[in-house]
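[1] quick check, what structure comes out for this input:
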Amino acid sequence: MTSTKPAITIRGYRPSDRDDLADICVRTAHAGEDATGRYAEPEIFPAIFATPYAELEPELVFVADNGERAIGYILGTADSTRFYADFRDRWLPTVADRFPAPTPPVTGQDDGLRYLLHHAEDMLVPEIAAEYPAHLHIDLLPEGQRQGLGRRLMETFVNALRERGVPALHLSMNPANTNARAFYDRIGFTELPRPAGKKDVDYLGMRL
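    Numbers count the residues shown, from 1 in each chain. Alright, predicted model coming up:
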């Protein structure tokens, strides 16, 4: 008798998903590959790119659930300007002691991540956020890739933004992640002008 795997479902975030979100984030943080062993503190990645969204805007966090655990997620904010203000005022104080700001001069990738945690507002591009106020992050473990889950997660997130009357969203990405770029192109994102001083980052946008 052949056993069948349970269907993967897309559902809203639960507090019990927090550890899975962090694990997925670390295992996809290096241009889509595992950051473990490549950084001194890979656990800083979810402290910047995953957990604050679950804490500050959990209604815009959705996971792909394989019946046992989350194997992927999409998360973000409807208002990037507000989010980064809340990040500094409400989220940073909860993790600042665990990841202290680096002592200047900031050198190397690990110091750079600590700096980014303490200056997350540097990721805000006002001219983009004014026209494309929402932004997102989406990550899937290898076992969840190439099954249409990325598109399902994106449709769920976009529908949630439309229900809130959000006009457009954007994302930033490492140009080295060519697989992710191909996915975004397929689902309707277009390249935005790169702001001055933002080297080695691509910005993509979608109108809703």
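
[2] low-scoring stretches of the protein, by residue?
    Residues of the chain meeting the criterion pLDDT under 70: 1-5.

[3] sec struct for the residue nearest to the spatial centre of it, please.
    Nearest to the mean C-alpha position of the chain, by C-alpha atoms, centre = their mean, lies residue 137 at 2.4 Å. Judged by DSSP: H, G, I helix; E, B strand; the rest coil, the three-state class of residue 137 is strand.

[4] can I assume it is in contact with residue 54?
    No: contact criterion C-beta atoms under 8 Å: residue 137 and residue 54 do not qualify, at 11.2 Å. Backbone N, C-alpha and C define where each C-beta goes, glycine included.

[5] what about the strands in the chain?
    Remark: strands assigned in the chain by DSSP state E are 9-12, 61-65, 70-77, 134-140, 168-173, 190-191, 202-207.

[6] looking at the ones you listed, which is nearest to residue 153?
    Nearest to residue 153 among the strands of the chain is strand 70-77; the distance by C-beta to C-beta comes to 4.1 Å.

[7] how about the CA coordinates for the closest one, as CSV?
    Coordinates of each C-alpha in strand 70-77 appear next as CSV, following Å, rounded to 0.1, in the frame of the first residue of the first chain:
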residue,chain,number,x,y,z
ALA,A,70,6.3,25.3,7.9
ILE,A,71,8.7,24.8,5.0
GLY,A,72,8.3,28.2,3.5
TYR,A,73,6.9,31.6,4.1
ILE,A,74,6.0,35.0,2.7
LEU,A,75,5.9,38.0,5.0
GLY,A,76,6.0,41.7,4.7
THR,A,77,4.3,45.0,5.5
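
[8] what are the pairing partners of that strand, and which direction each?
    Strand 70-77 has the following strand partners under DSSP bridges: strand 61-65 (antiparallel), strand 134-140 (antiparallel).

[9] what's the single longest helix in the protein?
    helix 149-163 (DSSP state H).

[10] tell me what that helix is packed against?
    Judged by 3 or more C-beta pairs under 8 Å, 6 or more residues apart in numbering; DSSP states H and E, the packing partners of helix 149-163 are strand 9-12, strand 61-65, strand 70-77, strand 134-140.
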